[in-house]
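Participant: Sequence unavailable; structure follows:
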């Protein structure tokens, strides 16, 4: 029996013996999975293995945001299935619970009907870069009308998304990954400094390419 003291100290009796649980499910990273869940909503059916309905990770709530946008989500024990929809719908969402994954919602807003507002994202200002400013700048390059505030961003998609745009990544891995999804709608873009994904997901572009090929 392990005694927990405010989750800062753990006391284990000296007579304790290790007992194997036999088999235990170790989750994948929900934040990294969010890009491929978004890919499924944009481009085709995808099943993400390694994370499921009983996940304890906060970013799994990204699936709830996708559902609000109209995506079809099926939460299984150890995987998540997502189906492509004809048209995403704009949302007005408090993103305090998914601040990192919310960046992907900002890119999905390019393909949604209506104006999307993501608020309670003040933490974006103090990340690898000022993410509210950076996202607004890059979304505008693609033709979106963007309003930014202290802790919110509002995106209205253009009638036609600009092609062959160069996306600056500001040495921010999440900007590189979320904007790469634009290409799934047959819109050619260039991601500058793609190696910035090495911080958290060095093989991201290889994995993205693999699902496109399949």
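Facilitator: That came through fine. Given the structure is predicted, the values throughout are model-derived calculations rather than measurements.
Participant: can you pull out the helices in the protein?
Facilitator: Counting by DSSP state H, the chain has helices at residues 30-43, 62-68, 102-108, 131-141, 173-180, 204-213.
Participant: I'd like to know how many residues surround residue 184.
Facilitator: By other CB atoms under 10 Å, 18 other residues sit near residue 184. The C-beta positions use only the backbone N, C-alpha and C, and glycine is treated the same way.
Participant: make that residue 3, sorry
Facilitator: Applying other CB under 10 Å, I find that residue 3 has 9 neighbouring residues.
Participant: and it, what does it touch?
Facilitator: Residues in contact with residue 3 (CB atoms under 8 Å, 6 or more residues apart in numbering) are 10-12.
Participant: mind checking pLDDT for it?
Facilitator: For residue 3, the model assigns a pLDDT of 86.
Participant: Bridging across strands, which residues link to it?
Facilitator: residue 11 (DSSP bridges).
Participant: can you redo the helices of the chain as a markdown table with mean neighbour count?
Facilitator: As requested, the helices of the chain are exported to a markdown table (neighbours: other CB atoms under 10 Å):
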| stretch | mean neighbour count |
| --- | --- |
| helix 30-43 | 23 |
| helix 62-68 | 21 |
| helix 102-108 | 26 |
| helix 131-141 | 20 |
| helix 173-180 | 25 |
| helix 204-213 | 13 |
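Participant: Using a markdown table, please lay out the ones you listed together with mean pLDDT.
Facilitator: Output for those, formatted as a markdown table (pLDDT from 0 to 100):
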| stretch | mean pLDDT |
| --- | --- |
| helix 30-43 | 95 |
| helix 62-68 | 96 |
| helix 102-108 | 97 |
| helix 131-141 | 98 |
| helix 173-180 | 98 |
| helix 204-213 | 91 |
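Participant: which stretch among the ones you listed comes nearest residue 87?
Facilitator: helix 30-43 (10.7 Å; CB to CB).
Participant: Tell me which residues touch residue 2, please.
Facilitator: 10-12.
Participant: now do residue 49
Facilitator: So residue 49 contacts 28, 78-79 (CB under 8 Å, 6+ apart).
Participant: for these, which one is nearest residue 197?
Facilitator: Among the contacts of residue 49, and counting by CB to CB, the member closest to residue 197 is residue 28, at 16.4 Å.
Participant: picking that back up, quick one: which of the contacts of residue 2 is nearest residue 208?
Facilitator: Distances from residue 208 to the contacts of residue 2, taken by CB to CB, are shortest for residue 10, at 40.0 Å.
Participant: So what touches stretch 120-139?
Facilitator: 94-96, 99, 102-103, 106-107, 109-110, 146, 148-153, 155, 167-168, 170-175, 179.
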